[in-house]
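# Based on what follows, work out the 3D shape:
(one chain, ligands or ions: 2)
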Amino acid sequence: MLSTAAEQYKNNGYYIAHHILPSKALKNTLYEMDIILVQQLNYLGCAEQATDSQKIIHHHMRELYEKNQFVYVQALKLWAKLFSLQALIMNENIVSITNKLGITLPVFQTTPVLHIMANDLKITGGYHGVGVHQDWPALQSGLDTITVWFPFMDVDINNFPVELIPESHTDGLYPGKIAEHIYEVDPKFYEEKNFVPMEVKFGDVLFMSNFTLHRSGLRGDQRLRIACSSRYENASEKTFIERAYPSAQKRVIQRELLQPNFPQKIHLDEIYS
Ligand SMILES: O=C(O)CCC(=O)C(=O)O
Ligand SMILES: [Fe+2]
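Numbers count the residues shown, from 1 in each chain. Ligands and ions are numbered 1, 2, ... in the order given. Take a look at the predicted model:
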């Protein structure tokens, strides 16, 4: 079965593995995401309780979004840092499949990214899906890097599926321009009709070559779609070794205090008493 996975992946530039993530772990992460929202809602005076229900989480997101868009964005940024999310991306079934697909010595030079799509949660001037791109320019490490993408709810053609062009992974880098979140591919170089929506259910995982052309499908109904995306890079890829392990990503630390004069001794007394 797994040799078929490798064959499909090599031929098509992607492979979908079904039912490989435990629903308990996915639900636990959803629950922790909701705790992050509910802590802020409670702090802002709304009496809510955390759950793992997709509908209620959507409601909590809307509630916080309407109360305070800044706090809402801060909460969503913290979701991507959850320990349980890091554990999910390193799930043994995912590791084993990436290994079969050629990643012999996996490294993460990036942290997981969450892609959140809902028609009623668009951020003013912010991100609502990404245009046509390849993932490689944002990393520039191993040529065999795999994007590992999985949703926290069933994704069908009406719930913002990822759309990709099968077999586009062997054409090399497509010409394009630097856009806000991606290196956007010039529309002259692909045909609209070749995009295929990826139907990926809760528990399923999409494995995609870093060279496969893809975008966020913008066809969505009233439902919420949350997906996690991570990059399995191969420390042993030949050109990655030859190029001395490059990475296009940098970490920036702001050295100034974010809240001037915070903390004071009194705040620490509460922690350490
Ligand atoms: O989830 C999406 O809509 C976009 C995903 C994507 O571009 C990625 O994971 O690299
Ligand atoms: Fe991407």
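# for the helix or strand bottoming out on mean pLDDT in the chain, packing partners?
Within the chain, no helix or strand scores below helix 2-12, which has a mean of 88 by mean pLDDT, DSSP states H and E. Applying 3 or more Cβ pairs under 8 Å, 6 or more residues apart in numbering; DSSP states H and E, we find helix 2-12 packed against strand 14-17, helix 92-100. Placement of C-beta: from N, CA and C, glycine included.
# Of all the residues in that helix, which ones are buried?
A5, Q8, Y9, N12 (16 or more other Cβ atoms under 10 Å).
# Closest to T29 out of those?
Nearest to T29 among the buried residues of helix 2-12, counting by Cβ to Cβ, is A5 at 24.6 Å.
# For the helices and strands packed on helix 2-12, give me a markdown table that also has mean pLDDT, mean neighbour count and distance to ligand 1.
Shown next, in a markdown table, are the helices and strands packed on helix 2-12 (pLDDT from 0 to 100; neighbours: other Cβ atoms under 10 Å; distance: least, Cβ to the nearest ligand atom, whole Å):
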| stretch | mean pLDDT | mean neighbour count | distance to ligand 1 |
| --- | --- | --- | --- |
| strand 14-17 | 98 | 22 | 11 |
| helix 92-100 | 98 | 16 | 14 |
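# Take those and write them to JSON lines, including distance to F108.
Output for the helices and strands packed on helix 2-12, formatted as JSON lines (distance: least, Cβ to Cβ, whole Å):
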{"stretch": "strand 14-17", "distance to F108": "19"}
{"stretch": "helix 92-100", "distance to F108": "11"}
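# Would you mind saying which of the ones you listed lies nearest F160?
strand 14-17 (16.3 Å).
# Adjacent strands (with direction) for the closest one?
Within its sheet, and counting by DSSP bridges, strand 14-17 is paired with strand 205-209 (antiparallel).
# and the very next helix or strand once past the strand it pairs with with ligand 1, contact?
Of the helices and strands lying after strand 205-209 in sequence (DSSP states H and E), the nearest is strand 214-216. Yes - among the residues of strand 214-216, H214, S216 lie within reach of ligand 1 under Cβ under 6 Å from any ligand atom.
# which helices and strands does strand 214-216 pack with?
Secondary-structure packing of strand 214-216 (3+ Cβ pairs under 8 Å, 6+ apart): strand 162-164.
# Pull the distance from the biggest helix by length in the chain to the chain's centre.
Counting residues, the longest helix in the chain under DSSP state H turns out to be helix 23-43. Computed by Cα atoms, centre = their mean, to the nearest Å, the chain-centroid distance of helix 23-43 equals 17 Å.
# List the buried residues in the next helix or strand after it.
Later in the chain than helix 23-43, the nearest helix or strand by DSSP H and E is helix 54-67. Across helix 54-67, burial judged by 16+ other Cβ under 10 Å covers Q54, I56, I57, H58, H60, M61, E63, L64, Y65.
# Stretch 195-208 too?
Result for stretch 195-208 [16+ other Cβ under 10 Å]: buried residues F195, P197, M198, V200, F202, G203, D204, V205, L206, F207, M208.
# Noted, bye for now.
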